[in-house]
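J.: pasting a predicted model and its sequence here:
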Amino acid sequence: MKPDGANSITEGYQKRNKKYFFTSLILLMITLCLASFMMIYGNTIYSPAIIFQVLMGEEIKGAGFTIASLRFPRMLSAILCGFAFGLAGNTFQMLLGNPLASPDIIGVTSGASVAAVFGILVLGLSQNEVSLLAVASGIIISSLIYFLSRKNGFSNGRLILTGIGIQAFLNAVTSWLLLRASEYDVASALRWLNGSLNGIKTDQIPRLFIAVILSGGIILLLNRHLMTLQLGETYSITLGVHIKTIRLLLILCSIVLIAFAVSVTGPIASVAFLSGPIAARLVGSGRSNLIVSALMGSVLVLTGDLAGQFALPSRYPAGVITGILGAPYLLFLLLHTNRKGENIS
């Protein structure tokens, strides 16, 4: 018979697993419900039967274009981009041990944003070309931030501060481009910068799906090492973790997720920042919350887009709604951290 201490540990482990499973299941169900609502509701309400027929390839006058070309890619991009933002943001926060270490704040999204604005305003590129340019620029700028932070050894604080500095510079470049551009071109750039699901094409989805599957799969496979890294470098080395390799893989996979997601929807504010902390509160401590944070990202993007379309007198991009949600939490986090006297860097 197991000692009482061992029984308590086993019971606690089983309880956390059950909580994790049911939380993930509930978030998955909410995601599917929101996705279904997005497909059904709009200027015209379609029945599930009609939607199914259109997706199966049947030609239904008046419904085919709206469902297959507008609502379906919009719904898929919301789920995939939210999943990517949530997973990558939480990975950054866990890896760097800092709730502020999200792609929104440390400059990862700024690299993709400035390239997209340049492509729209200066080069006059098509939507697909802008997406590819944003991916390339996001990866290059993010890699630059990482390698600059490795001077005299890697430092979490140096990575965050370097990212914030690069972000400030790139935001200034973006503002300069907007000021110099023709007023007729600014609207499309601003719509992209605000994080919008409008106008997403079906041919943008496959590469986003592949990026989420490959990069997200690698992050989930390295989850055990990510949990070990939170114990500190000394313990991680003792337990046989190749710190430099694992850290580089996790950061690169997170960067790829963010770059591909931003290239499709633009930088949807606060999703990467909020998903991890919300998931941690739902699941509790002592358990990985990567899957939960990824599903929470999908819920936030779907909710933000639906609220922006139907809950307010005017229509707003999803990024405006999620940004409104993120601002109070950032203030709360800063006040809470200052009250406790912690160092966030």
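T.: Happy to help now that I have it. Numbers count the residues shown, from 1 in each chain.
J.: packing partners of the helix or strand hosting M29?
T.: Per DSSP states H and E: M29 is located in helix 4-40. If contacts are counted by 3 or more Cβ pairs under 8 Å, 6 or more residues apart in numbering; DSSP states H and E, helix 4-40 sits against helix 48-55, helix 72-96, helix 271-283, helix 290-306. To be clear about C-beta, it is placed using only N, CA and C from the backbone, and glycine gets the same treatment.
J.: can you get me a residue count around F65?
T.: Using other Cβ atoms under 10 Å, F65 is surrounded by 12 other residues.
J.: L178 now?
T.: Neighbourhood size, L178 [other Cβ under 10 Å]: 15.
J.: out of everything not next to it in sequence, what's closest to it?
T.: V186 (5.8 Å; Cβ to Cβ, 6 or more residues apart in numbering).
J.: what's the local residue count around the one you found?
T.: Neighbourhood size, V186 [other Cβ under 10 Å]: 18.
J.: so how far is the helix or strand harbouring it from its chain's centroid?
T.: Element membership for V186, per DSSP H and E: helix 183-193. With Cα atoms, centre = their mean, to the nearest Å as the basis, helix 183-193 stands 22 Å off its chain's centre.
J.: list the buried residues for it?
T.: Within helix 183-193, the residues that count as buried by 16 or more other Cβ atoms under 10 Å are 185-186, 188-189, 191-193.
J.: who touches the residue positioned nearest the centre of the chain in this structure?
T.: In the chain, the residue lying closest to the centroid (Cα atoms, centre = their mean) is F85, at 0.8 Å. Contact analysis of F85 by Cβ atoms under 8 Å, 6 or more residues apart in numbering lists 103, 257-258, 261, 268, 271-272, 275, 297, 301.
J.: for A78, same thing?
T.: For A78, the contacting residues are 35, 38, 197, 265, 298, 301-302, 305, 318, by Cβ under 8 Å, 6+ apart.
J.: distance of it from S188?
T.: 20 Å (Cβ to Cβ, to the nearest Å).
J.: ditto for L161
T.: Distance from L161 to S188, by Cβ to Cβ: 33 Å.
J.: circling back: of the helices and strands packed on helix 4-40, which approaches S142 most closely?
T.: S142 lies closest, by Cβ to Cβ, to one member of these: helix 72-96, at 10.6 Å.
J.: could I get the average pLDDT for the closest one?
T.: The average pLDDT within helix 72-96 is 92.
J.: moving C-terminal from it, which element do we reach first?
T.: With elements assigned by DSSP H and E, the helix or strand that comes after helix 72-96 is helix 108-118.
J.: what is that following helix packed up against?
T.: If you count contacts as 3+ Cβ pairs under 8 Å, 6+ apart, helix 108-118 packs onto helix 127-148, helix 156-180, helix 183-193, helix 243-265.
J.: pick the most buried one from the ones you listed.
T.: Most buried of the helices and strands packed on helix 108-118, by mean neighbour count (mean count of other Cβ atoms under 10 Å): helix 243-265, with a mean of 23.
J.: quick one: average pLDDT of that helix?
T.: For helix 243-265, the mean per-residue pLDDT is 88.
J.: then stretch 129-142?
T.: Rounded mean pLDDT across stretch 129-142 is 85.
J.: among the helices and strands packed on helix 4-40, which is nearest S110?
T.: helix 271-283 (13.0 Å).
J.: quick one: C81 and R74, what's the gap?
T.: 11 Å.
J.: out of these two, which sits in the busier spot?
T.: In this view C81 and R74 are compared by other Cβ under 10 Å, and C81 has more residues nearby, 30 against 22.
J.: thought that one was touching G266?
T.: No. Under the criterion of Cβ atoms under 8 Å, C81 makes no contact with G266, lying 9.5 Å away.
J.: any chance of TSV for the contacts of A78, columns distance to L248?
T.: What follows is the contacts of A78, written out as TSV (distance: Cβ to Cβ, whole Å):
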residue	distance to L248
A35	34
M38	37
L197	32
T265	27
S298	27
V301	28
L302	32
D305	34
A318	32
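J.: please pick the buried ones from these.
T.: By neighbour count, with 16+ other Cβ under 10 Å, the contacts of A78 hold 35, 38, 197, 265, 298, 301-302, 305, 318 as buried.
J.: quick one: which of those is nearest A112?
T.: Using Cβ to Cβ, the buried ones among the contacts of A78 come closest to A112 at T265, 10.7 Å.
J.: which residues sit in contact with the closest one?
T.: Contacts for T265 (Cβ under 8 Å, 6+ apart) come out as 77-78, 81, 195-197, 200, 301, 318-319.
J.: could you redo the last one with a cut-off of 10 Å?
T.: With contact set as Cβ atoms under 10 Å, 6 or more residues apart in numbering, T265 has these partners: 74, 77-78, 80-82, 84-85, 131, 192, 194-198, 200, 204, 208, 271, 301, 305, 317-319.
J.: alright, calling it a day.
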